[in-house]
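Enquirer: Below are the sequence and a predicted model for it; my questions follow.
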Number of protein chains: 2
Amino acid sequence: MSSLPLQPQVDLTHHLSSETRLRKANPMKAIWRLTRRKPDMISLANGDPHYSLYPIRKVSFEVASVGKGVQDPVASWRAGPSAPSQTFTSTTDSQGPLPLKRALQYSAGAGLPDAQRVVTELTNYYHSPPDHIATLTLGNGDGVAKCFRLLGEPGDNFLADEFSFSSLTNAPLSHGVNWVPVRIDQGGMIPEDLERIMSTWDESVRGRKPHVMYTVPCGQNPTGCTLNLERRRKIYELCQRFDIIIIEDDPYYYLQYDPIDEDEPVSPDTPFQLIPSFLSMDVDGRVLRVDSFSKIMAPGMRLGWITSSPLFHECLVTLTDASTHHPHAFGQMFLVEMLHSSGWELSGFDRWVRSLRAEYQRRRNYFLDLFHREVARTGFASANAPEAGMFVWIRVHIEKHPRFRHDLLALNEETESSGNTKVDLTAPRTNTEELMEELFEKCLDAGLVIMPASVFVAPDNKERKRMEDEVPIEDRLNYLRATFAGPEETMEPGLAILSSVLKEFFADKKPSRVELEAPSSQLVGDLSKQ
Amino acid sequence: MSSLPLQPQVDLTHHLSSETRLRKANPMKAIWRLTRRKPDMISLANGDPHYSLYPIRKVSFEVASVGKGVQDPVASWRAGPSAPSQTFTSTTDSQGPLPLKRALQYSAGAGLPDAQRVVTELTNYYHSPPDHIATLTLGNGDGVAKCFRLLGEPGDNFLADEFSFSSLTNAPLSHGVNWVPVRIDQGGMIPEDLERIMSTWDESVRGRKPHVMYTVPCGQNPTGCTLNLERRRKIYELCQRFDIIIIEDDPYYYLQYDPIDEDEPVSPDTPFQLIPSFLSMDVDGRVLRVDSFSKIMAPGMRLGWITSSPLFHECLVTLTDASTHHPHAFGQMFLVEMLHSSGWELSGFDRWVRSLRAEYQRRRNYFLDLFHREVARTGFASANAPEAGMFVWIRVHIEKHPRFRHDLLALNEETESSGNTKVDLTAPRTNTEELMEELFEKCLDAGLVIMPASVFVAPDNKERKRMEDEVPIEDRLNYLRATFAGPEETMEPGLAILSSVLKEFFADKKPSRVELEAPSSQLVGDLSKQ
């Protein structure tokens, strides 16, 4: 894997979608800029309500104390109402970082300059990106969807982890983007599979070569896996070699854990090195990093940011001006006050997220202990310890099921008129998909909701020909996604249900294998009734 | 103008864009729904952070008192820190309308059910729509852009007031929508012009017949005009007849004023009837009404809602799930608390907006008094009193300018090879555009920013052939948009500048008309240097 010589500025304009190229900047902006032509301009131009007519004069947020006096901010906070707190307050004319009269006015698509500044400082602290600018978003989903819109053209092929969070990968399908899955193992996306796809891509058969990759590098959703540094470097080099833009969606970045065998109690002061992001190595400007507060503050914040090259930043702002317009004031006020010297500051934020990672690591360990005791012991399922995020990817040993079949491929044999036998090598070889659906239904009947792997498979565009060298995903659906983010009191009963359902499911010896020699369509029909 | 027989349900599916039809619901939703299959389901399914891990335990908003004890809430509020206030507070577990633990979690694309309910009550109170549902948006711009995306197809023609707010009409151009301007006069969109356009539309020349109309019916931006009830009824009937969807963008609905000649002091208790909206008469489900809090609360709220038929609502939710995701918690908390019985309630909201309309009416009257004294007296400009909104549309009597020309059409004559003279009837007849640009530059030089009409002309798609029966918009650019929403202390000096610039501009007798017989391109060149 050789890397291209590093170039300080790579022209990546050709990655922009037609819509992005056609999009013109808001024509009012040129006029608004004129109000700064000289000092003391009088404006009769804008329909901005005067701040004296806002009915709000004070907004306060009571939040956790994270100062040095609080040893473990998250543990202390969870203790209840007696936990020490501090309050972020903005008033109309406050001397604080962001007076209401400014926050509540119309502002720029990239966000209020104050908010843009604090997220930039945060990004610089954790990633030190080469030459990048922040654009505020309305949360992770908005950020990712905007990246797709920025780059996605009808007929485009985008690369993604073969199992991905479908709420997000669903978005660009309607504007004509197809997903090309890249194989993953417990270490995340496999660089060699990426290289295989790109170097064997035949545009005459498969259409435009993939030019965008969407990936969750830490605590990947749903598999929980995290790319190690070596793979990140390889993947970045491959993206340089094949000219691919990376959408680095990293909501679990701060929730990185120690390996499970070093299971010592952690505290916010435990030394811990966060893994370098794609952004941190992005000399070309080919990374769009999407950050979110949903997992480390609260999902309802609906505020995040994209860090990108100046080119992509400009286009994202123009897209924002033509869609969502600027982000909301209340969230930006919270953010600016939180990171200001009168608030938590960056050091307090860092203490909070380190304390939070310790809390989630405790939960992960608790969950895995239960899992090994309740579920793994059955011999019908196993799981690796995730190094980040919120999810455990449970492998169901479906091959142990009495009704498991691995001979479906032969059933698909067709005899051509020439007398030769033709086998569709892209058809499933096993009945994994049907069995897993049956297991999922059994869990529901027993009162447990757990995510089946099938919902994380990006829907194939019907027109896209599947390659014969791809192992059919239907044969690899023997996984369930469970979370350890929820309340601990649900974990024990939840895993107990899973354990008993697995035992019952794998004990099933009816209908017998002899009866099963019926055509597979009938098999599916039978199962769907259960 | 005959109306079609009223139909309780009209199938309007054919108006949806290809993208909307292709868009699939978020595949996770089906799973999330399963958690409600039976009571006491245990979920290990979702990556929702537990509320005990949100670092926020209280959010409060100190707002104006609007109770009956406060006679004129806006006037009282503007008096300063001594004005009575009340506080909306949410805590993690509060008994109030929306505890933080619920508000700050992931929620539905249409908005939190509580927020959806309060805006529905508000809409029902003012509009009593026949059969419509609310979808929350991230403010007016987001709402309008989503309507465009819902309905707009590459090659589509959308109707709009011939002068429109370009920040919004700019949005769908990049996805291939063309604007077809409908003439307006001081009463707003002219129904007869709409009828002319639709009944003479030749699809073989102009492409797909317009099927969507975008309009601001109250205090139209930029012209300030308001459609009266008779025109609204006529336009709605025409939209039934020609099968047009109406996007009713109505941010100034609550800011409706008395006619200027009934200029008596108004108070919140002055009886006043708001004009019926298109939504209120929408028996077919062809109106998408976009509401906003920007002008009556604060622009930074970035929260509004669309009221539409159930069909369009479903599609808007799917679009939201694939783009912005659900709206932010802080704004929804504010909204729910404001309209709850522990907050302002609907009656208090009504008192606030009536008081606000009285305040803006005072500002409008103050502005117009100044305008007549300072500007109209010059004889070079005039203005009508707007019945709603924030804008005065100032007509510049450009025909009085010494360098005004109305003979440009003849200059464009071409002699064809046959010897016949060919005139491009769609070319400008006058030099209005150049003179207005000159005037705008003179205002800037004198320290005044005011909006020229030219920025409100939706950019023509180059491929669209202009019809010969359209009067070129270039000949009707002799308007300036001024606002009376800004601080009163800028109005007097601002209008004084306008007055002196107009006097100087109209006194200009150089270069003489003789010198001006140069080709018009050179004329523009000369002027642009000034």
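Expert: Great, that's in hand. Bear in mind that the values here come from a model prediction, so they are computed numbers and not experimental data. Residues are numbered from 1 along each chain as shown, chains lettered A, B, ... in the order given.

Enquirer: What residues of stretch A:186-206 count as buried?
Expert: A:188, A:189, A:190, A:191, A:193, A:194, A:195, A:197, A:198, A:201, A:206 (16 or more other Cβ atoms under 10 Å in any protein chain shown). C-beta here means a position set from N, CA and C on the backbone, and glycine is covered the same way.

Enquirer: Please disregard the earlier target; I meant stretch A:313-321.
Expert: A:313, A:315, A:316, A:317, A:318, A:319, A:320, A:321.

Enquirer: Just the ones in helices from these, please.
Expert: Secondary structure defined by DSSP state H assigns A:313, A:315, A:316, A:317, A:318, A:319, A:320, A:321 of the buried residues of stretch A:313-321 to helices.

Enquirer: Show me the strands in the stretch 351-500 of chain A, by range?
Expert: Taking DSSP state E, counting those that start in this stretch to define them, one finds strands in the stretch 351-500 of chain A at A:381-383, A:391-396, A:414-415, A:421-422, A:448-449, A:451-452, A:479-483.

Enquirer: So what touches the last one?
Expert: When contacts are defined by Cβ atoms under 8 Å, 6 or more residues apart in numbering or on different chains, strand A:479-483 is touched by residues A:163, A:222-224, A:367, A:381, A:390-396, A:440, A:450-453, A:456, A:494, A:498, B:44-48.

Enquirer: Residue numbers of the stretch 151-300 of chain A in contact with chain B?
Expert: A:166-167, A:170-171, A:173-175, A:221, A:294-295, A:297-300 (Cβ under 8 Å from any Cβ of the partner chain).

Enquirer: which of the residues you listed has the most neighbours?
Expert: When neighbours are counted by other Cβ atoms under 10 Å in any protein chain shown, residue A:300 leads those with 29 neighbours.

Enquirer: and of the residues of the stretch 151-300 of chain A next to chain B, the nearest to chain B?
Expert: The closest of these to chain B turns out to be residue A:300 (Cβ to the nearest Cβ; 2.8 Å).

Enquirer: which residues sit in contact with the closest one?
Expert: Residue A:300 is in contact with B:103, B:104, B:105, B:106, B:107, B:328, B:329, B:330, B:332, counting by Cβ under 8 Å, 6+ apart.

Enquirer: Mark which of these are part of helices, please.
Expert: B:103, B:329, B:330, B:332.

Enquirer: ok so, going back, any chance of the residues of the stretch 151-300 of chain A next to chain B in a markdown table, with distance to residue B:361 too?
Expert: As requested, those are arranged in a markdown table below (distance: Cβ to Cβ, whole Å):
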| residue | distance to residue B:361 |
| --- | --- |
| A:166 | 52 |
| A:167 | 47 |
| A:170 | 48 |
| A:171 | 45 |
| A:173 | 50 |
| A:174 | 46 |
| A:175 | 46 |
| A:221 | 54 |
| A:294 | 44 |
| A:295 | 48 |
| A:297 | 43 |
| A:298 | 41 |
| A:299 | 42 |
| A:300 | 38 |
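
Enquirer: just to revisit the earlier point, can you narrow the ones in helices among the contacts of residue A:300 to ones near chain A?
Expert: B:103, B:329, B:330, B:332.

Enquirer: sorry, back to before: generate TSV for the buried residues of stretch A:313-321, with distance to chain B as supplementary columns.
Expert: Formatted as TSV, the buried residues of stretch A:313-321 follow (distance: Cβ to the nearest Cβ, whole Å):
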residue	distance to chain B
A:313	18
A:315	11
A:316	14
A:317	13
A:318	9
A:319	9
A:320	10
A:321	7
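
Enquirer: what would the residues you listed look like in TSV with pLDDT?
Expert: As requested, the buried residues of stretch A:313-321 are arranged in TSV below (pLDDT from 0 to 100):
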residue	pLDDT
A:313	97
A:315	97
A:316	98
A:317	97
A:318	96
A:319	97
A:320	97
A:321	95
